[in-house]
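Q: This is a predicted model, with the sequence first.
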Amino acid sequence: MLKKKIVLAGIWPRIAAHAIDLAGILTLAVPLYFAAVLPNCYSLEKVKENNEVVFQAQLASELYKQYTDELSGTLYYNNAVNSISTLTTSTIVLGGTATKVHILDALHNYYTIHRETYFDDKVNLTTEVFASSILAVGSSTSNIASFYIPENEVHYAVTLIDSNNATITLEYVKKAFENAVDELNSCELIKSRQDENNASQLFALWMLAPTVAAAAFLFTGLIPLFMPYGKTLGKLAMHLIVLNGSGYEIKKWQLIPRSIAYIALELVGGVLSFGATFLISYTMTMFMKKHRSFHDFIAYTVVADERRSFWFRDRLDELEWKEAHKDEEEKSFLGEE
């Protein structure tokens, strides 16, 4: 006589079932996200507009220099400094185009001409104040003896206090240039546009989570409600069923917390933890009693092999079945044919 027999599903069939479900989730979520969600939460035109404003503001500061014919990039060029002569004029080749940059001119013009354009609480400096406060002329800190425009030239240059310590000057000017760039990018005009773009991109990325969660709820929450024994498409393919923790048929309402727990802890939680919660859950499946994962513990369920298991609707159904087959059991016990 047959008795209730629950053969728990192996780890690999369960992983295969989840892989099939995950493939279905992504197949639905990805086109849904790009076709319906992203266009309504992320404006590419607005991002381009903000980038153009930032581009023009940076370009106007003279700390950046356009290096292509199209508005596709700017050159933050203090890294061109490798000798004292390059502080006056240097040439950088990018994309096959030679671009001349004048480091000292750019630094001087930002502080003495453009600074007030970007800040309400900062003033333009005179050339003398710029030389003393920004370049620290006359100080061993910068090793700069003088800041001037050579005769018959149009670009600023420096002389050194100690010509053997040119590295000190180069590093000092590089740092001064970086400070100027940092100050420029902290102005409200640039920062507000960059913050707006960053917030927009972050929100668009965040909206991927509810999109995937919605698709996951369809595959792991709604479909099992209309399939026998809580089957998802993956479980259907792998011949797996979901039973309650006592080995009886699962109630439909139990599938809802099971699905929510799976989506929150293993799918979304797995992404946020770089797979940690997913790995922990399947480690539990391999080594713990009844091979339960996180969502099985929460919903009090087990996953069984449909083809090797024999189960009942509930305890009462099992007792009624045994009573109805009592005579067969006695005959089997007595060895009667």
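A: That came in fine, so what should we check first? On a predicted model such as this, the values are computed, not experimentally measured, just so you know.

Q: Quick one: the helices in the stretch 151-300 of the chain, in order.
A: Assigned by DSSP state H, counting those that start in this stretch, the helices in the stretch 151-300 of the chain fall at 166-185, 188-206, 208-217, 223-226, 233-238, 252-261, 269-272, 276-287, 294-299.

Q: Can you tell me which of these is nearest to residue 8?
A: Taking C-beta to C-beta as the criterion, helix 276-287 is the member of these that comes nearest to residue 8, at 9.5 Å. C-beta here means a position set from N, CA and C on the backbone, and glycine is covered the same way.

Q: how far does that closest one sit from the chain's center?
A: When distances are taken as C-alpha atoms, centre = their mean, to the nearest Å, helix 276-287 is centred 23 Å away from the chain's centroid.

Q: tell me which residues of it are tucked away?
A: Taking 16 or more other C-beta atoms under 10 Å as the neighbour-count basis, helix 276-287 is seen to contain the buried residues 277, 278, 280, 281, 282, 284, 285.

Q: same for that helix, what does it pack against?
A: helix 11-32, helix 269-272, helix 294-299 (3 or more C-beta pairs under 8 Å, 6 or more residues apart in numbering; DSSP states H and E).

Q: and those, which is most packed in?
A: Burial among these, expressed as mean neighbours by mean count of other C-beta atoms under 10 Å, is greatest for helix 294-299, which shows a mean of 20.

Q: Run through who's touching it.
A: Counting by C-beta atoms under 8 Å, 6 or more residues apart in numbering, helix 294-299 makes contact with 254-255, 257-259, 261-262, 265-266, 277, 280-281, 284-285, 290, 301-303, all of which sit outside it.

Q: filter these to the buried ones?
A: Neighbour-count burial (16+ other C-beta under 10 Å) is assigned, among the contacts of helix 294-299, to 254-255, 258-259, 261-262, 265-266, 277, 280-281, 284-285, 301-303.

Q: The residue nearest the centre of the chain and residue 152, how far apart?
A: With distances taken as C-alpha atoms, centre = their mean, the residue of the chain nearest its centroid is residue 205 (7.2 Å). Residue 205 sits at a distance of 56 Å from residue 152 (criterion: C-beta to C-beta, to the nearest Å).

Q: for this structure, which spans come out with low pLDDT?
A: Within the chain, the ranges that satisfy pLDDT under 70 run 1-3, 68-73, 94-95, 327-337.

Q: quick one, domains of it?
A: Per the record's domain assignment (automatic domain parsing), the chain is made up of the domains 11-40+207-334, 45-202.

Q: so how far is the last one from its chain's centroid?
A: Chain-centre distance of domain 45-202: 32 Å, with C-alpha atoms, centre = their mean.

Q: and what of the first one?
A: Relative to the chain's own centre, domain 11-40+207-334 is displaced by 28 Å; criterion: C-alpha atoms, centre = their mean.

Q: circling back: want to throw the buried residues of helix 276-287 into a markdown table with distance to residue 309?
A: As requested, the buried residues of helix 276-287 are exported to a markdown table (distance: C-beta to C-beta, whole Å):
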| residue | distance to residue 309 |
| --- | --- |
| 277 | 28 |
| 278 | 26 |
| 280 | 27 |
| 281 | 22 |
| 282 | 21 |
| 284 | 21 |
| 285 | 17 |
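
Q: quick check, nearest of these to residue 225?
A: Proximity to residue 225 was ranked across the buried residues of helix 276-287 by C-beta to C-beta; first place goes to residue 281, at 22.5 Å.

Q: Distance check, the closest one against residue 306.
A: With C-beta to C-beta as the criterion, residue 281 and residue 306 are 22 Å apart.

Q: quick one, helices of the stretch 1-150 of the chain?
A: Per DSSP H, counting those that start in this stretch, the stretch 1-150 of the chain carries helices over the ranges 11-32, 38-41, 44-61, 103-109, 115-118, 127-129.

Q: And the ones you listed: which comes nearest residue 82?
A: The stretch from these with the least distance to residue 82 (C-beta to C-beta) is helix 103-109; that distance is 10.8 Å.

Q: how about CSV for the helices of the stretch 151-300 of the chain, with distance to residue 321 added?
A: Output for the helices of the stretch 151-300 of the chain, formatted as CSV (distance: least, C-beta to C-beta, whole Å):
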stretch, distance to residue 321
helix 166-185, 76
helix 188-206, 52
helix 208-217, 35
helix 223-226, 25
helix 233-238, 25
helix 252-261, 22
helix 269-272, 41
helix 276-287, 30
helix 294-299, 25
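
Q: who's in contact with residue 169?
A: If a contact means C-beta under 8 Å, 6+ apart, then residue 169 has 84, 87, 142, 143, 144, 158, 160 as its contacts.

Q: could those go into CSV alongside neighbour count?
A: Rendered in CSV, the data for the contacts of residue 169 read as follows (neighbours: other C-beta atoms under 10 Å):
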residue, neighbour count
84, 17
87, 27
142, 22
143, 21
144, 22
158, 20
160, 16
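
Q: Not counting sequence-adjacent ones, nearest residue to residue 47?
A: For residue 47, the nearest residue in space outside its immediate sequence neighbours is residue 197; the separation is 5.2 Å by C-beta to C-beta, 6 or more residues apart in numbering.

Q: just checking, that neighbour touches residue 48?
A: No. When contacts are counted by C-beta atoms under 8 Å, residue 197 is not listed as touching residue 48 (9.6 Å).
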